[in-house]
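Chemist: Just a sequence and a predicted model for now, questions to come.
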Amino acid sequence: MSAPVSDPSTTPLMTVRVDRPGERRVTAGRTVAVLCMAAVLLEATADLLPDEPVVWVLTPVRLVLGAGLVAAAVAGLRPGQWRTPLDPAIGALLLAAALGTVLAGQPWAAWRGVLTAVAAYYLVVGVRRSVPDAGPAFGLLALVGVAVAGTVAARQAAAGTATGFCRGAIDGSADVCGPDAVIRAVGTFSNPNLLAAFLVLLLPVAAAGAAQLADRTSRLVGTALVVVGYAAVLLTASRGGIVAAVAGAAVFVVLRRGHGRAFPIGGRLRPGRAVVVLLGVGGVVAAGLLLLAPALSVGVRADVWTAAVGLVAQHPLGVGPGRAGALLDAAIAGDEAFQHAHNLWLNWAVEAGVPGLVAVLAITVGTAIVTRRAALAGSATAVAAGAGLAGFAVMSLADHPANAIRVSIAVWIVLALVAAESAPRTLARRRSGQPATGVRSRSGSR
C-alpha cells in the first residue's frame, strides 16, 4: 500500500520557506534596535560618542537613535504599538518647549536636546514592544551601566584622584578642597551629583537584572556590582543622592511586596515579614533624615526658587529651554553661578512656562499610576524602573540633574521601561509566552 502524498503547499516545510525572508527581516530589525538601544545607554553612561554633528544637526547619538527607531519599525512594530499613556503629556511638553523657544527668539539647539531624549524613550518602547524577551536585556544593560560608572568612581576614591569637588562638612559649609576635606567621586560624569543621580536611577533596574541572571555565580557577581554602585553613591558625598538612594530602595520593597516570583532573590514576602521590612526601611530613612538634618537646609536654593517663581510670573509661556541658569544668575546677587532652578518641575516652569509645568506634572502623575498598575499586574520591570524613578524624583526636589543631556536620556529610558508595560494585553501575552508584537510567528500565524 503506497503512502499518501501530502499537498506540498500545506506542509510545515513549505510554510517555513515562505516566511523565511520575513523572519530574517524581523530578526535583523530586532537585533539592530537592541544594539542601538545598548549604544545609547552606554553613551549616557560613559560619553563614548562625539558631540559634534556628523551632518547638519545629526550627531552620532541621533543617528543611532534614528537607526534604532527605523529598525524597530522594520521588525514589524505597527503604529498603534508605539502608543503609551504618556504620549499626550510628552507631546504637550515638546510643544510648550517649542513655544518658549520661539518667544525667546533663541536657537533650537536646546529644544533638539529635549527631542533627542524623547527619541530615546520611543526607541526603548519600540524594543520592549517588538522583542518579547527583552526584559532581561534591560536589566543587564543597567547592570553594565552601574558597573562602569561605579567602578570608575571607586577607583577615583581609592587612588585619591582630584576631581575638583570636595566635602568639608556634612552641611556643605566648608566644601573647599584641602587636607581635611573628602574628595567627591565623579565617576564617568563631570559632577558628583550627576553620577549620584544616574546611579539612583539605574540601581534598582540593575538589581532586578542581577536577580534574573541564569546561575548562582552570575547572580553573586551581579549583586556585587550593585553593591559597588551603592557604594559609589556614598563616594559622591551627595546628600540628596544618598537620601534618594534610600528612598528608591524603600519604594522597591513596597512595589516588590507580593511579587516575589519576579525577583528570585528572597522569594515572596509574607504579610508579616513585609511589615517588618517596611518598618525597617522606614526607620533607616528616618534615621538618615535626622542625621542629615543640618545638611538639608536649602541655603541659597531659597533665593533660586524665589527668583524662579518670579521668572514664571514674568514669562508664563517660558523663557526657552536652557535659559533658566543665565536668567537666574542675572536675578540673584552674588558670585555663585547657576545652571538651573534646582528643582526639576520648577525649572520646566521657567523654561517651558505654565504649559510645560502642567505637562511635566502630567508625566509625573501618569508614571506613578502606570507603575502601580503594572506592578500589580506582576511586571518586574515596572517595579524596578518605578523604584529608580521614585528615587530620582526625590533627588530632583532640590536639584535638576536631568538638565544634563546624558542623565536626561537615562531618565527617558527608564520612563519608557514603565510606559511600555502599560498595555495589559502586552503583559498577558508576555507572561503566556505568546508574541506581543503582532508579527508573524514561525508557523506563519499572527
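Modeler: Great, that's in hand. Computed from a predicted structure; not experimentally measured. Numbering: from 1, shown residues only.
Chemist: all contacts plus neighbour counts: C-alpha atoms, from now on.
Modeler: Will do.
Chemist: any idea how far residue 307 is from residue 143?
Modeler: Using Cα to Cα, to the nearest Å, residue 307 is found at 39 Å from residue 143.
Chemist: Looking at the two, which is more packed in?
Modeler: Relative neighbour count places residue 143 above the other of residue 307 and residue 143, with 25 against 20, counting by other Cα atoms under 10 Å.
Chemist: Just the element for the more buried one, please.
Modeler: helix 135-159 (DSSP states H and E).
Chemist: which of the residues in that helix are buried?
Modeler: 135-136, 138-154, 156-157 (16 or more other Cα atoms under 10 Å).
Chemist: any weak-confidence spans in the protein?
Modeler: 1-21, 170-175, 257-299, 423-446 (pLDDT under 70).
Chemist: And the helices in the stretch 51-200 of the chain?
Modeler: 60-74, 87-104, 109-130, 135-159, 192-211 (DSSP state H, counting those that start in this stretch).
Chemist: Okay, buried residues for the helix or strand just after the last one please.
Modeler: Okay, so that is helix 192-211. Next in sequence after helix 192-211, counting helices and strands by DSSP H and E, comes helix 216-235. For helix 216-235, burial by neighbour count (16+ other Cα under 10 Å) applies to 219, 222-223, 225-235.
Chemist: got these as a markdown table, with distance to residue 91 columns?
Modeler: Formatted as a markdown table, these follow (distance: Cα to Cα, whole Å):
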| residue | distance to residue 91 |
| --- | --- |
| 219 | 40 |
| 222 | 37 |
| 223 | 38 |
| 225 | 37 |
| 226 | 35 |
| 227 | 38 |
| 228 | 38 |
| 229 | 34 |
| 230 | 35 |
| 231 | 38 |
| 232 | 36 |
| 233 | 34 |
| 234 | 37 |
| 235 | 38 |
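Chemist: Can you show me the strands along the chain?
Modeler: 166-167, 182-183 (DSSP state E).
Chemist: Out of those strands, which gets nearest to residue 368?
Modeler: In terms of Cα to Cα, the element of these nearest to residue 368 is strand 166-167, at 34.1 Å.
Chemist: Strand partners (parallel or antiparallel) of the closest one?
Modeler: Using DSSP bridges, strand 166-167 pairs in its sheet with strand 182-183 (antiparallel).
Chemist: For residue 41, which of the helices of the stretch 51-200 of the chain is the nearest?
Modeler: Comparing those by Cα to Cα, helix 135-159 comes nearest, at 7.4 Å.
Chemist: what does that closest one contact?
Modeler: 38, 41-42, 45-46, 128, 162, 183-188, 195, 199, 202-203, 205-210, 212-213, 222, 225-226, 228-232, 235, 381 (Cα atoms under 8 Å, 6 or more residues apart in numbering).
Chemist: Tell me how many other residues crowd residue 365.
Modeler: 13.
Chemist: could you point out the longest helix in the chain?
Modeler: helix 12-46 (DSSP state H).
Chemist: could you give the angle of it to helix 109-130?
Modeler: 140 degrees (axes from the mean of the first three to the mean of the last three Cα atoms, to 10 degrees).
Chemist: name the helices or strands packed onto helix 12-46?
Modeler: Helices and strands touching helix 12-46, by 3 or more Cα pairs under 8 Å, 6 or more residues apart in numbering; DSSP states H and E, are helix 60-74, helix 109-130, helix 135-159, helix 405-419.
Chemist: Deepest-packed of the strands of the chain, please.
Modeler: Stretch with highest mean neighbour count among the strands of the chain: strand 182-183 (a mean of 23; mean count of other Cα atoms under 10 Å).
Chemist: what comes into contact with that strand?
Modeler: Here strand 182-183 has contacts from 157, 160-168, 177, using Cα under 8 Å, 6+ apart.
Chemist: among those, which two are most distant?
Modeler: 161 and 168 (16.3 Å).
Chemist: With just CA atoms, put stretch 231-249 into PDB.
Modeler: Output of stretch 231-249 as PDB, limited to C-alpha atoms (Å, rounded to 0.1, in the frame of the first residue of the first chain):
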ATOM      1  CA  ALA A 231      29.000  52.400  47.500                       C
ATOM      2  CA  ALA A 232      29.700  54.800  44.600                       C
ATOM      3  CA  VAL A 233      26.600  56.900  45.700                       C
ATOM      4  CA  LEU A 234      28.200  57.200  49.100                       C
ATOM      5  CA  LEU A 235      31.600  58.200  47.500                       C
ATOM      6  CA  THR A 236      29.900  61.100  45.700                       C
ATOM      7  CA  ALA A 237      29.100  62.500  49.100                       C
ATOM      8  CA  SER A 238      25.900  63.800  47.500                       C
ATOM      9  CA  ARG A 239      23.500  64.400  50.400                       C
ATOM     10  CA  GLY A 240      20.500  64.400  48.100                       C
ATOM     11  CA  GLY A 241      21.800  61.400  46.200                       C
ATOM     12  CA  ILE A 242      22.200  59.300  49.400                       C
ATOM     13  CA  VAL A 243      18.600  60.200  50.600                       C
ATOM     14  CA  ALA A 244      17.300  59.400  47.100                       C
ATOM     15  CA  ALA A 245      19.000  56.100  47.000                       C
ATOM     16  CA  VAL A 246      17.400  55.100  50.400                       C
ATOM     17  CA  ALA A 247      14.000  56.300  49.100                       C
ATOM     18  CA  GLY A 248      14.400  54.300  45.900                       C
ATOM     19  CA  ALA A 249      15.200  51.200  47.900                       C
END
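Chemist: Alright, I will stop here.
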